[in-house]
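Visitor: Pasting a predicted model and its sequence here:
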Amino acid sequence: MKEKIHAKFKARFGAEGIFYASAGRINLIGEHTDYNGGFVFPGAIDKGIMAEIKLNGTDKVRAYSVDLDDYAEFGFNEEDAPKASWARYVFGVCREIIKRGGSLKGFDTAFAGDVPLGAGMSSSAALESTFAFALNDIFSLGIDKFELARIGQSTEHNYCGVMCGIMDQFASVFGKEGSLMRLDCRSMEYKYYPFHPKGYKLVLLDSVVKHELASSAYNKRRQSCETAAKAMGVEFLRDADMDMLNAVKDRISAEDYKRAEYVIGEKQRVLDVCDALERDDYETVGARMYETHYGMSKLYEVSCEELDFLNDIAKKCGVTGSRVMGGGFGGCTINLVKDELYDTFIETAKAEFTAKFGHEPKVYPVVISNGARKL
């Protein structure tokens, strides 16, 4: 990828720049917990975005997307916002740095990536983190890593119209090879946990479907959680337990009860997985993943037929753990598979899924890797 980017960079800008990269992410467990003040458990992966960057002596950014074969040029003022959605990510990062008092000068850049788009691995966060990290380094701005993650999140909010939580950008910036991270979404405290499952592989199966429900359904579930929390007199469901929820069962709708039941259960599952990883107990990790899938499918109702089908195949093939990853309504399952079962599981999943839905799921083996860095 580096050679491919450099060839395009040299052809377009006739020079050599500095290389930076950042990563996509997976989330092992802890889904729909971020906006409930709970814990998430992401890791950076060995697929990401890479960029070559060089100062150009102007007050303009000249950017080239290698994958899209598209070029954009823009200044640093609000009215200079580019039309192309990919370029708005780069522009947004620049603007968010300037809003925080950072001083930038014009630069040339070419970038490419190997994070599969639309598979729930956060290619956009990888792009934002690459440029936030790079510009902080090149211009010696002294911005700390948390603020770099927030710059990416603010870019999504203010320039791309996505009201995301902090997890994706956090994982992209803080990712560490061989470790997952438990992030407390309320206090922003985090801790690295070793993840080196000897004898197991981590693989994503992408259903290649995206159901349209996603954004309206997401907002509706968020509302349910807030309603249940309010009935219990707590700010976030993170502060509730099942006894408190049962005490208000007759004061909230059956739907709101189910949504809250899932979130309260998920809070504990994340903590169970942390304990299990410290013991290298991957059987417990896998069991909690299946429980999360059940909760997302039956209580939170954000799964779909394709994802439930992939989860059932995993169970049938003896896979240690499997669940829908991400917001739901399509996308991937994340699977923890014993080495000796891996080939059979992939073959079976491809054959049975194709027979039922008419297309193969995409297969993405993942390795836990480093986040934003200078190459």
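Guide: Everything's here; your move. Residues are numbered from 1 along each chain as shown.

Visitor: and the protein, what are its domains?
Guide: Domain assignment for the chain, taken from automatic domain parsing, gives 2-196, 200-366.

Visitor: deepest of those domains, which one?
Guide: Among those, the stretch with the highest mean neighbour count (mean count of other C-beta atoms under 10 Å) is domain 2-196, at a mean of 20. (Glycine included, C-beta is placed from N, CA and C.)

Visitor: what about that domain, how long is it end to end?
Guide: Distance across domain 2-196, first residue to last, is 27 Å (C-alpha to C-alpha, to the nearest Å).

Visitor: What is the distance between that domain and the centre of its chain?
Guide: A distance of 12 Å separates the centroid of the chain from that of domain 2-196, by C-alpha atoms, centre = their mean, to the nearest Å.

Visitor: can you pull the contacts of Tyr35?
Guide: Applying C-beta atoms under 8 Å, 6 or more residues apart in numbering, we find Tyr35 in contact with 165, 185, 222, 225.

Visitor: As a check, name the ranges of all helices in this protein.
Guide: Secondary structure of the chain (DSSP state H): helices at 2-13, 85-99, 123-138, 145-159, 167-174, 214-232, 242-247, 254-278, 282-294, 305-316, 339-357.

Visitor: sorry, back to before: could you save the domains of the chain as CSV and add columns showing distance to Arg373?
Guide: Formatted as CSV, these follow (distance: least, C-beta to C-beta, whole Å):
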stretch, distance to Arg373
domain 2-196, 6
domain 200-366, 18
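
Visitor: Looking at these, which is nearest to Lys374?
Guide: Using C-beta to C-beta as the measure, domain 2-196 is the one of these that comes nearest Lys374, at 5.5 Å.

Visitor: average pLDDT across the closest one?
Guide: Domain 2-196 carries an average pLDDT of 94.

Visitor: can you pull the contacts of Val285?
Guide: Contacts were defined as C-beta under 8 Å, 6+ apart; by that measure Val285 touches 28-29, 273, 276-277, 320-321, 336.

Visitor: Closest to Ala229 out of these?
Guide: Proximity of the contacts of Val285 to Ala229 (C-beta to C-beta) peaks at Ile29, which lies at 21.3 Å.

Visitor: right, and the closest one touches Val270 too?
Guide: Yes: counting by C-beta atoms under 8 Å, Ile29 does reach Val270; the two are 5.5 Å apart.

Visitor: shared neighbours of these two, anything?
Guide: Joint contacts of Ile29 and Val270 (C-beta under 8 Å, 6+ apart) are Phe41.

Visitor: Roughly how far does the residue lying closest to Phe195 once chain neighbours are set aside sit from Arg25?
Guide: Using C-beta to C-beta, 6 or more residues apart in numbering and skipping residues adjacent in sequence, the residue nearest Phe195 is Leu180, 4.6 Å away. Counting by C-beta to C-beta, to the nearest Å, the separation of Leu180 from Arg25 is 10 Å.
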